[in-house]
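Asks: I need the structure of the sequence given here:
(chains A, B and C)
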Amino acid sequence: MQTFLKHTLKAAVFMGGLVLLLFLLSKVFIPADGTIDDGVNTVNANSIYKEREQSVEVIFLGDSEIYAAVSPMQIWQEYGIPTYCCSTSAQKLWYSEDILRKAFKNQSPKIVLMETNALFRKFNFDDSLMHKVENVLPVFQYHNRWKVFADEALGVREENNSTTAYKGYYPSYKIKPAMYLSRYNEKSDQLTEIPNRNRSYLKSIKKYCEDNGAQLILFSTPSTVNWYYAKHNAITKLAKEIGIEYLDMNIPRDEIGIDWSMDSRDTGDHLNHFGAIKATAYIGKYLSGKDGLNDHRGEAEYSDWDKELEVYLAKTEKGMKKALKKYNAAAGK
Amino acid sequence: MQLSSLLLAGQGKSLTSLFSLLYLILFLPFCLVVYSILPKKLKKYFLLLSSFGFFWLISGELVIYLVLSIFSIHYFGIWIDRIGTQMKSAIAELPKEERKAAKQGYIKKQRLVVTLAVVIHIGLLLVLKYSPFFTTNVNMLFEKLGISVKLAIPTYLMPIGISFFTLQAVSYIVDVYRGVIKADDNIFRLALFMSFFPQIIEGPICRYSQTAEQLWNVGPIKYENLTLGIQRILYGMMKKIIIADRLNLFVQNIFDKNAEYEGGLIAIGAVCYTIQLYMDFSGAMDAVVGTAQIFGVKMPENFERPFFSRTISEFWKRWHISLGAFFKDYIFYPVTSAKKMKKLTSNARKKIGNHYGPLIAGSIALFCVWFCNGLWHGSAWSFIFFGMYHFVLILIGNMLEPIVQTVNKKLHIDPQWFVYRLMQILRTTVLVIIGELFFRARGLKAGMSLFGKMVSDFSFTTVNTDLLKELNADIYDLAIVGITLVIVFVISLLNEKGICVREALSKKNIALRWGLLYLLVLYIIVFGAYGLGYQAVDPMYAKF
Amino acid sequence: MERLIEILEDIQPDVDYKNCTDLIDGHHLSSLSIISLIAELEDEYDITVPAVEIIPDNFNSAERIMKMIERLQEED
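Replies: Numbering: from 1, shown residues only, chains lettered A, B, ... in the order given. Model (predicted):
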C-alpha cells in the first residue's frame, strides 16, 4: 500500500510539473493580445487587427475557398464598401466562431458572409476536446509559432505588411483547368448530411451576429470540387429552417461567367485571381444592394484604403501579366 | 434522435487513433483508474468490457461482426475438440490393426469442420471487402465481351479491424485443429483475445498462444510497466505526430493532386511516403505495445527495424512481422507440405540440386503468399501488383543467390564486409520505396505513370523554396523532420545493437529521467504537426 | 544424429550444426532449406512432417530436429 501511495504521489507530482511547464510555455507562445502575430497559418485573417477601429463593414468567414475567391480591395474599388476576409485554410466551425469574436473586438461589421463549405467539414470529438484544452493551455493552439521564433533567431523575420493591401485575400496566379466537371453539372435531389455539431455551431454564430447587430448570410463560392447539388440542397433547407439568407454563386453560372479552363488555380478546387475578379464582382454587386452599407471612397478617414488600392492594383496587374505570358507561352508550345 | 446515438454508438471515431486526445486523456486514463480500483478477479472482465466499449464507440452496431466471430470460433473450436475426444475413446476400444483406419475417419471429419470454419470467416471478409472490386471487374469484363448485363455494385459498412481480427480467428481455429492449442471453453477468455482494444484497429495479429493466457491473467498495474509503457507510447507519438503527419501534406500533394511533377520530385515523394508509412504504422504499434505493457501484457513486436534489412525477404521478416508470420504458417508451409509438393521437391532436388530443388514448390507457395498479401491490403489491382512485385523480387533473389555467392568468392568479397552490407541495405531500401510508390498511387494506372515519369524524367530542376511553398511546406518542416528522423535512427541503431534505451535510462537518476521525459512531451507538443492548417491523419493501416 | 548433421550440411553448408541453437531465429536456415530438409527427412526416416510441426522451436538445433523426428516416428 505504501509503495502504491508513493507511486501515485510521484505520478501526481510529475503531472503537476508537466502542467506547470505547459502553462509557462503557453506564456511564451501566446501572441500579444490584439496583434496580427497570431499563429503561423492565420496571419492573413488576423491582420484585421491592423485595421482602424470600426472601419470594416462586412467580413467574410470561412475556409480557403474565400481567400481565393473574394478580394475586398476590388469591392472597395468598385463600390467603396470596406470589407475583410477572415478566412483560414481548412477552417472548422469552432474556429470560425473564435475568429468572429476576434473580429468583433475592434470592428462592428453590419454583415457577416459565411462560406458554406466549412459547414460540411466534420470535426470530431477530438477537435472540440482540443479546443477546450487550447483555451486552458494556449501552447496547443500557438505551438506552430516556433517557426516565428526560429525566424527571429535567424534574423530573417519579415514584418507582415504585405497582407494589409489584400485585406485577407490571397491571390494566386496559377492556371490549372478544372478536371472533373460531371459532378458539378449533375443535378440531384439528394441532401448531403450536415453534422449536428456544425448545425449547433452555426446557430450559435448566428446568435452572436444578431446580438452584435450584424446580419449573417450564407454563401457558396464557385468550386467544382467542393460544391455539388446535394450540398446546395442541404444548405438551402438548413437556411430556410433557421431563417438565414443563402447566396449560392454556383447557380447563376452564366451571370458570373467562371471559365473553368482558365479561372482555377488547382484543377477546379479554388479560384485563381482571374476567377476571383469575376466572383468578387458578383459579390460586390450583391452587397451594393444591401441597406446600411455605404460608399466610403474619397472620405478622409478611408484615405489609406485608396492608397492601398493603388498598391493592390499594381501588384495584381503585374501578377496577371506574368501569369498570362507564361500561360500563352505554354499554350503556344 | 435514435437510441443508438444516445448510447454513443460510433460517436468516438477519433479513438481509431491511439494518439487522439480522446484516447490519451479520457479513454485510457479512465480505464487505468477503474482497472486499478477493481479487485483482481474483475480486472480481466473490465478489460473485456472496455474493449467492447472501445469497439462500440468507433463502429457502433457493427460490433455484431466481432461478436458473431467470437461465438463462431468458440463453437467450432469445441466441435473440433469433441471429435478429437471421440476419436480417442473410440480407437482405445479397437484392436491395434484397425486403429489407423478408424483414426482417418475422425481426422477427415475434423478437417471438414475446420475447412467450414475458415471458409465462413474468410468468406465473410471477402464479401465485405472485395465484392465491390469483384463486381466492378466483372462488369468491365462483360462490357468488353459485349454482354449488356450490369451487376449492381454492392457496398457494405465495414467494422473496424475486421481484416485483423478475422486473421486472429482463423489462426485460432486452425491451431485448435492442428493440436497446437486446446479449444477454449471459456468464451470470455476467447473474446478478450479477439477484442483487446489497443490491437483491434491495426494489429499486431496475435496467436492465441501468444496473448490469450496473458490477457486472462492480468494483475495490478506495476509502476515500472506504467512508466515504460507510457514512454513507449510517447516514442510512437513522436514518430507519428512529428514525422508522419508533417510529411502527409507533402505526400498528398505529390500523389493526389494529379499535378505534373518532375521525376526527381516523384522520387522524393515516394521516399517521403515510405517514411510516413513506416513512422505511422510502427508508431501506432509502439502505442499498442506500450498500452499492453501498462497492463503487464507482452505483445509480439510487429517491426524489427526493417530498414536495416539486406534483402527483400529479410525486409518482410522485419516489417509487419505478424502478417508475414501468419502467411508463412498458414499458407507457405501448408502449401509446400502438401503431398504432391513434397514429392516435387524430392524429385527436383535429385535432379537440379539443393538450391533449385525446393525452389519450384517454394515459389508456388510464395506466389500464393504474395497474392494473398497484396489482396489483403486492399481490393485493387495496384495492391495485387504490389504483392506480385515483391514476389518477383524475392524469386529473383532466390534464383541469383548461388551465382552471387560464386561471384563473391571469386572476387574475394566477404559478405559481412561493412561496405557490402551497406550496399545491400541501400539496394533493398530502394526496391522497397519503388514498391511503396505503387502501393500509394491511386490505382495501378497512376502508379505506372508516376513510375514512368520518375524513370524518364529524373531531375531536380524545379526543387526550390517556391516549390516547397506550393507543396505546403517550408524549410523548417524539413529541418524538424530531419532532426526527428536522426533521433529515431540513433535509437534504432542502439536497439539493433541490443541496447534497450528505455531500460538503460531507467537506471539513471530521477532528475535526468524526468528531464528527458518532460523534454519529449514538450517536443511533441511544440513540434507536432497538428492544429490549424493540418489535417488529422487516420492511422494508415486501419483502412486495410 | 550424425546422419542428420550430414543431411543438414548437404542442404546448406557453412553452419556449425553441432552447436548452433538458433538455426531459425538466427536466420541460418532459410525457408527454402527447410522445405528441402523436410522432404529429405521424410524420405530418410519414413515420417510425415505436417505443416503444424514447422515452428522455430522444432528446428532451432540439430538436437531439436532429432527430438521431433523421434516423436513423429513414435506417433506413426
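Asks: Residue A:60: helix or strand, and which one exactly?
Replies: Element membership for residue A:60 (DSSP states H and E) is strand A:58-62.
Asks: what about the helix or strand that that strand is followed by, distance to the chain center?
Replies: Counting by DSSP H and E, the element after strand A:58-62 in chain order, helix or strand, is helix A:64-69. Here helix A:64-69 is found 7 Å from its chain centre; the criterion is CA atoms, centre = their mean, to the nearest Å.
Asks: pLDDT on the helix or strand following helix A:64-69, on average?
Replies: Per DSSP H and E, helix A:64-69 leads on to helix A:72-79 as the next helix or strand towards the C-terminus. For helix A:72-79, the mean pLDDT works out to 94.
Asks: before we move on, the earlier item: mind giving me the packing neighbours of the strand holding residue A:60?
Replies: For strand A:58-62, the elements it packs on are strand A:83-87, helix A:93-106, strand A:111-115, judged by 3 or more CB pairs under 8 Å, 6 or more residues apart in numbering or on different chains; DSSP states H and E. Quick note: C-beta positions are derived from backbone N, CA and C, even for glycine.
Asks: Can you flag the weakest of those by average pLDDT?
Replies: helix A:93-106 (a mean of 86).
Asks: close to chain B, is that helix?
Replies: Yes - Helix A:93-106 reaches chain B (CB under 8 Å from any CB of the partner chain) through residue A:95.
Asks: List the buried residues for that helix?
Replies: A:93-100, A:102-104, A:106 (16 or more other CB atoms under 10 Å in any protein chain shown).
Asks: got the angle between it and strand A:58-62?
Replies: Taking axes from the mean of the first three to the mean of the last three CA atoms, to 10 degrees, helix A:93-106 and strand A:58-62 form an angle of 160 degrees between their directions.
Asks: Measure how far helix A:93-106 is from the centre of its chain, please.
Replies: Distance of helix A:93-106 from the chain centroid (CA atoms, centre = their mean) equals 11 Å.
Asks: From the contact counts, what lies against it?
Replies: In terms of contacts (3+ CB pairs under 8 Å, 6+ apart), helix A:93-106 is packed against helix A:43-46, strand A:58-62, strand A:83-87, helix A:117-120, helix A:125-136, helix A:196-211.
Asks: Report the angle between that helix and helix A:196-211.
Replies: 10 degrees.
Asks: Just the CA atoms of helix A:93-106, as PDB, please.
Replies: Output of helix A:93-106 as PDB, limited to C-alpha atoms (Å, rounded to 0.1, in the frame of the first residue of the first chain):
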ATOM      1  CA  LEU A  93     -16.600  26.000 -37.300                       C
ATOM      2  CA  TRP A  94     -15.300  26.300 -33.800                       C
ATOM      3  CA  TYR A  95     -12.500  28.400 -35.200                       C
ATOM      4  CA  SER A  96     -14.900  30.400 -37.300                       C
ATOM      5  CA  GLU A  97     -16.600  31.400 -34.100                       C
ATOM      6  CA  ASP A  98     -13.300  32.200 -32.400                       C
ATOM      7  CA  ILE A  99     -12.200  34.400 -35.300                       C
ATOM      8  CA  LEU A 100     -15.600  36.100 -35.400                       C
ATOM      9  CA  ARG A 101     -15.200  37.100 -31.800                       C
ATOM     10  CA  LYS A 102     -11.700  38.400 -32.600                       C
ATOM     11  CA  ALA A 103     -13.000  40.400 -35.500                       C
ATOM     12  CA  PHE A 104     -15.800  42.000 -33.400                       C
ATOM     13  CA  LYS A 105     -13.200  43.200 -30.800                       C
ATOM     14  CA  ASN A 106     -12.300  46.300 -32.800                       C
END
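Asks: Let me see the residues that make contact with the strand holding residue A:60.
Replies: A:48, A:66, A:70, A:72, A:81-87, A:91, A:96, A:99-100, A:103, A:107, A:109-118, A:168, A:205, A:287, A:293 (CB atoms under 8 Å, 6 or more residues apart in numbering or on different chains).
Asks: Tell me the residues of the stretch 101-250 of chain A that contact chain C?
Replies: Counting by CB under 8 Å from any CB, the stretch 101-250 of chain A has no residue next to chain C.
Asks: Just give me how far stretch A:188-208 sits from the chain centre.
Replies: Worked out by CA atoms, centre = their mean, stretch A:188-208 lies 18 Å from the chain centre.
Asks: Just read off the phi/psi values of residue 26.
Replies: Just going to use chain A. Main-chain torsions, residue A:26, degrees, to the nearest 10: phi -60, psi -40.
Asks: Repeat that for residue A:218.
Replies: Torsion angles, degrees, to the nearest 10, at residue A:218: phi -90, psi 140.
Asks: and what of residue A:264?
Replies: Torsion angles at residue A:264 (phi, psi; degrees, to the nearest 10) stand at phi -110, psi 150.
Asks: Could you count how many residues lie near the residue lying closest to it once chain neighbours are set aside?
Replies: Excluding its sequence neighbours, the residue lying closest to residue A:264 (CB to CB, 6 or more residues apart in numbering or on different chains) is residue A:178, at 5.2 Å. Look at residue A:178: counted by other CB atoms under 10 Å in any protein chain shown, it has 21 neighbours.
Asks: Point out the residues in chain B that sit beside chain C.
Replies: B:178-180, B:313-314, B:317, B:328-329, B:332-334, B:336-337, B:342, B:345-346, B:349, B:354-355, B:357-359, B:361-362, B:398.
Asks: ok, which of the residues you listed also contact chain A?
Replies: Near chain A, judged by CB under 8 Å from any CB, there are no entries from those.
Asks: quick one on the thing from earlier: can you put the helices and strands packed on strand A:58-62 in CSV and add distance to residue A:269?
Replies: As requested, the helices and strands packed on strand A:58-62 are exported to CSV (distance: least, CB to CB, whole Å):
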stretch, distance to residue A:269
strand A:83-87, 15
helix A:93-106, 20
strand A:111-115, 13
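Asks: residues touching residue B:114, list them.
Replies: B:76, B:80, B:173-174, B:176-177.
Asks: A helix includes it, no?
Replies: Yes - assessed by DSSP: H, G, I helix; E, B strand; the rest coil, residue B:114 belongs to a helix.
Asks: which residue is nearest the middle of the chain?
Replies: As the question left the chain open, I've gone with chain A. In chain A, the centroid-proximal residue (CA atoms, centre = their mean) is residue A:87; its distance is 0.9 Å.
Asks: switch to chain C, that's the one I care about
Replies: Nearest to the mean C-alpha position of chain C, counting by CA atoms, centre = their mean, stands residue C:65 at 4.5 Å.
Asks: what residue ranges in the chain score low on pLDDT?
Replies: In the absence of a named chain, this looks at chain A. Residue ranges of chain A with pLDDT under 70: A:1, A:32-45, A:157-164, A:333.
Asks: Correction: the question concerned chain B.
Replies: B:1-7, B:9, B:258-259, B:533, B:544.
Asks: In it, which residue sits furthest out from the middle?
Replies: Distance from the centre of chain B peaks at residue B:95, with 49.6 Å (CA atoms, centre = their mean).
Asks: residues contacting it?
Replies: Applying CB under 8 Å, 6+ apart to residue B:95 gives no contacts.
Asks: Same check on residue B:58?
Replies: B:10, B:12-13, B:15-16, B:160, B:201.
Asks: re the thing from before, adjacent strands (with direction) for the strand holding residue A:60?
Replies: strand A:83-87 (parallel), strand A:111-115 (parallel) (DSSP bridges).
Asks: Quick check: which of the ones you listed is buried the most?
Replies: Highest mean neighbour count among these (mean count of other CB atoms under 10 Å in any protein chain shown): strand A:83-87, with a mean of 27.
Asks: can I get the CA coordinates of it in PDB?
Replies: The C-alpha coordinates for strand A:83-87 follow below in PDB (Å, rounded to 0.1, in the frame of the first residue of the first chain):
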ATOM      1  CA  THR A  83     -14.800  44.500 -46.300                       C
ATOM      2  CA  TYR A  84     -12.400  41.900 -44.900                       C
ATOM      3  CA  CYS A  85     -11.600  38.200 -45.400                       C
ATOM      4  CA  CYS A  86     -11.300  36.400 -42.100                       C
ATOM      5  CA  SER A  87     -10.700  33.000 -43.600                       C
END
